[in-house]
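[1] predicted coordinates and the sequence they were generated for:
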Amino acid sequence: MPIDKTLSYGADLVKRYDRDRFLTALFAPNGMREPLMVLYAFNVEIARIRETVTEPVIGQMRLQWWRDTLTNISQGKGAPKGHPVAENLAALMGSRSLTLEHFLSLLDERELDMMDEPPCSMKDLIAYCRGSSVGLSLLALDVLGVNDAGSRRAAESVATAWALTGIARAVRHYALAGRVMLPGDGLKQHGLAVQSLQDPDTAGPAAALIEEVCDQAQVFLEEARVVQRSINLKALPVLLLATLADRYLADIKTAEYQIYDPRLMRQHPAVARLWWNAWRKRY
């Protein structure tokens, strides 16, 4: 995809590789959009490490590079020259009080991306989803100046639901890349392996597992909406991921959780619903 020269480097990166977060960031006030893009560009960088390296050890080295870089930035040592994402992140961390531990926890969770084994159980999958997404949402709330407990709890639940939805949507993508992120105990119960998921004729039994993942995502969305009427409205750009998750989960259900259903290969974000909910101050 060609670079959009009307956008900053980070915003273009997010638009190309995380269009959903790109869309939700557009609902932030003008002065907050670019800082969110900087955060999301960092997330794109670390989320794509596994698919851009040839050996897991190289991926681990890149994660360590980011740990060292972020630690140096937090100590006022600046970012390596010539790395626009790191440079932009250094500028953002210099202008706002962002918790280093949230960045480091995201990196720690991404260590699991370098392993071929699936999560052992649904509990482990949920823990991975929380670890790989909650910190990013909390950092985004910090950027937006949202500190109340209710909004932050809602953001944690939405982030977990969003990650679970992403896992459900990406089963086919992972399988074709030789990976599987569905719970290992469930795979064993249904006699499934990554090779099974690579073939439409043998992937059918995975539907039951995918349905469980989607059900868990729905539980977290419901948790997030319990406090919907009391959240700080400045948090909406982070919480609007729930609106997009609704549509994706509905599409997966309509396809009866079959990963090779053509409708799932043509999924698009629910932009109209996103605008409608943003106007209503709902997520």
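    Good, I have the coordinates.

[2] how is this protein divided into domains?
    Domains of the chain are assigned by automatic domain parsing as 7-115, 116-283.

[3] what score does P2 have for pLDDT?
    P2 carries a pLDDT value of 53.

[4] sec struct for the residue lying farthest from the centre of the chain, please.
    Relative to the centre of the chain, the most outlying C-alpha is that of D201, 29.7 Å out, by C-alpha atoms, centre = their mean. At D201 the chain is in coil, as set by DSSP: H, G, I helix; E, B strand; the rest coil.

[5] give me the phi and psi angles of it.
    phi -70, psi -20 (degrees, to the nearest 10).

[6] which non-adjacent residue is nearest A217?
    With C-beta to C-beta, 6 or more residues apart in numbering as the criterion, A217 has its nearest non-adjacent residue at 3.9 Å, and that residue is L164. Heads up, the C-betas are built off the backbone N, CA and C, glycines and all.

[7] what residues are up against that neighbour?
    L125, I126, C129, V213, C214, Q216, A217, F220 (C-beta atoms under 8 Å, 6 or more residues apart in numbering).

[8] buried ones among those?
    Among the contacts of L164, the ones that count as buried by 16 or more other C-beta atoms under 10 Å are L125, I126, C129, V213, C214, Q216, A217, F220.

[9] which one of those sits closest to L36?
    Ranked by distance to L36 (C-beta to C-beta), those are led by C129 at 20.6 Å.

[10] tell me who's in contact with the closest one.
    Counted by C-beta under 8 Å, 6+ apart, C129 has contacts T160, A163, L164, I167.

[11] mind checking the SS state of it?
    Assigned by three-state DSSP, the conformation of C129 is helix.

[12] got the contact list for the residue lying closest to it once chain neighbours are set aside?
    Closest residue to C129 apart from its sequence neighbours, by C-beta to C-beta, 6+ apart: A163 at 3.5 Å. Listed by C-beta under 8 Å, 6+ apart, the contact partners of A163 are Y128, C129, R130, S132, S133.
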